[in-house]
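>>> predicted model and sequence below, questions to follow.
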Amino acid sequence: MVGLCPFHSEKTPSFNIYPENGSFYCFGCGAGGDVITFMMRIENLDYIDAVRALAQRAGMDMPENNYDNSMRELRRRILEANREAARYYYSVLYSPQGAQGLEYLRSRGLAERTIKHFGLGFSPENRFALTDYLKGKRFKPQELVAANLVYQNKGGNISDRFYNRVMFPIIDLRGNVIAFGGRIMTDQKPKYLNTSDTPVFKKSTNLFSLNFAKNSGKRSLILCEGYMDVIALHQSGFTSAVATLGTALTQEQAMLMKRYADEVYICYDSDEAGQKAAHRAIGLLRDAGVKIRVISIPGAKDPDEFLRENGPKGAEMFSAVLEKSGNDVEYQISKLRKKYVLTDSAETVDFLRECAAVLAELDDSMEAEVYAGKLAEETGVSKESILRQIATLRKQGAKQIRKREFRKIQSELSGGEYKGAVQNPGNLRAQRAEEALIAYIINNQDMAAKALSLLPPEKMLTPFNQRLYRIITERAQQDRGIMPTDISGEFTVEENGLIAGILAKRSSDITSLQGFEDCIRVILSESERITPENAANTDINDINKYLEKLKEQKK
């Protein structure tokens, strides 16, 4: 089964699922593995939590084994510490220590129900307040450091990461507090401080308020720049608003939005930085396959300011702004229109060239033709001339793509295809034979014993292949499964991707017993080969034996 990959942006499907061996592999980005690996990647879980989630879905009890659960335990403690921190910050907000923060939130027009709904809080000016509180809850310093709730100096002493800030809890789709954002109450920089990446949080793969927005009942999202924009929109009834977490939009976030929306409204600040960010977001969201509309907010910097300045009519007026918003192409052309004086012939030519470059990026030729017609009417230049310029730019773009593809093929032929697995790139012939043999054994478990009798694991030249071969042949001898799901617990997520790639690319290389034996002969031959690199360290008698063997082979 083939579809669009959920792990990177693509327009042509390269994500393959193989029901016969329970694996998946993307030929575009190299992601691969089994159903457990998929859950680990898509839900950001560790191995045991992924198995547990699948077991719960299937209505099965999870057996308790003697596995190393240290990372899982750390993740659990971090989530507990975050939850306690969120409760603490919320309680401080309504105490004398939090008066400044509460006044700030109320000055921004937030109702009590909104503050409670988002769990907003305040971190005291005392730099040991949260540290002491969580120590009292029996959290260890190393757990708080791992959660990025505290700093640790060279002497080993810890202090609060957030202090004198209004606090915004960041909650995942399962309702866990995974991180925080904090706005300073002074002129100190940075104005906003966010949790760094931790074992439970990655900035580039999460969105603020998606846990609420996914339940809005709409297949659309409003993408904002800041926490306050999102909160103000939710309070006004626009519950599909989300924001990035102190970074520009990433490919992973665009793909995440695609899971919950068919259309995204970009609602960034009207300043230069906001417009640059909007331009970048357009490319990522278009690659992700969602429809895009860009909101231009009249008379205000951002949606929060617009709603506050328009008071009771703010929500109604923002709805009208949403209705009038143009798509991404119209937005880009309107920006170019403001850049040039269209009464000047030279500037009109430059305007049309830049517009043609925008239209050349469109996959839909009919869509490009419609806009070309509109530009022709506006400028008096023939539609055909504009279309010819678009066609020229597309050809140039296609050449660049072909060059990139050619470089990729060259990289693959030189061993680049095996990045991560190759530790002996000088012998690609042996490696391909090893991979073909491994794929054949996984798909034909009854051949493992024969393979092991002919080829000991130590004869494999590539360390990763040697380890994989050893594991599957040992398991086969013990009558244990060797399919991807059976062995995924022995490998990392990246290594499971390599195994899935071997199965996807090499399963058809051996189609007979003769091919099976030929692969083993190639591996044995290459393992015995004396190269210039190792000749200096090889015994002279072994070299003479090797030369005699080559003579016999030639005869």
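Good, I have the coordinates.
>>> okay, buried residues for the helix or strand hosting residue 143 please.
For residue 143, the host element (DSSP states H and E) is helix 141-146. Going by neighbour count (16 or more other CB atoms under 10 Å), the buried part of helix 141-146 is 143, 144, 146. C-beta: built from backbone N, CA, C; applies to glycine.
>>> okay, the first one and residue 385: tell me how far apart.
Yep, that's residue 143 we're talking about. 66 Å (CB to CB, to the nearest Å).
>>> check residue 1 too.
45 Å.
>>> got it, and residue 433?
57 Å.
>>> likewise for residue 337?
Distance from residue 337 to residue 385, by CB to CB: 18 Å.
>>> same check on residue 44?
Residue 44 is 51 Å from residue 385, where distance means CB to CB.
>>> and for residue 324?
31 Å.
>>> and these two? Which one has more around it.
The neighbour count for residue 324 versus residue 385, taken as other CB atoms under 10 Å, is higher for residue 385 (14 against 11).
>>> so which helix or strand takes in the more buried one?
Using DSSP H and E, residue 385 falls within helix 383-413.
>>> show me what counts as buried in the next helix or strand after that helix.
Going down the chain from helix 383-413, the next helix or strand is helix 428-443, by DSSP H and E. For helix 428-443, a neighbour-count test (16+ other CB under 10 Å) marks 428, 430-443 as buried.
>>> cool, and stretch 97-104?
By 16+ other CB under 10 Å, the buried positions in stretch 97-104 come out as 97, 98, 101, 102.
>>> what's the answer for stretch 303-310, then?
Going by neighbour count (16+ other CB under 10 Å), the buried part of stretch 303-310 is 303, 304, 305, 306, 307, 310.
>>> so how far is residue 314 from the residue nearest to the fourth one when sequence neighbours are not counted?
So that's residue 306. Counting by CB to CB, 6 or more residues apart in numbering, residue 306 lies nearest to residue 300, which is 3.8 Å off, once chain neighbours are set aside. Using CB to CB, residue 300 is found at 10 Å from residue 314.
>>> in which helix or strand does the residue positioned nearest the centre of the chain reside?
When CA atoms, centre = their mean is applied to the chain, the residue found nearest the centroid is residue 252 (3.4 Å). In this assignment (DSSP H and E), residue 252 forms part of helix 251-260.
>>> what packs against that helix?
helix 210-213, strand 220-224, helix 272-288 (3 or more CB pairs under 8 Å, 6 or more residues apart in numbering; DSSP states H and E).
>>> avg pLDDT for that helix?
Averaged across helix 251-260, pLDDT comes to 90.
>>> list the buried ones in that helix?
251, 252, 253, 254, 255, 256, 257, 258, 260.
>>> how far off centre is the helix or strand where residue 91 lies?
Secondary structure from DSSP H and E places residue 91 in helix 70-93. Remark: helix 70-93 is offset 24 Å from the chain centroid, using CA atoms, centre = their mean, to the nearest Å.
>>> in that helix, what's buried?
72, 74-75, 77-82, 84-86, 88-90, 92-93.
>>> and if you look at stretch 11-24?
The neighbour-count check on stretch 11-24 (16+ other CB under 10 Å) flags 14, 15, 16, 18, 21, 22, 23, 24 as buried.
>>> for those, which one is nearest residue 515?
Within the buried residues of stretch 11-24, the smallest distance to residue 515 is 18.8 Å, found for residue 21 (CB to CB).
>>> hmm, back to that, which one of the buried residues of stretch 97-104 is nearest to residue 495?
residue 101 (46.7 Å).
>>> would it be right to say that residue 292 lies in a strand?
Yes - counting by DSSP: H, G, I helix; E, B strand; the rest coil, residue 292 is found in a strand.
>>> begin at 10 from now on, thanks
Happy to do that; since the first residue is 10 now, the last one works out to residue 301.
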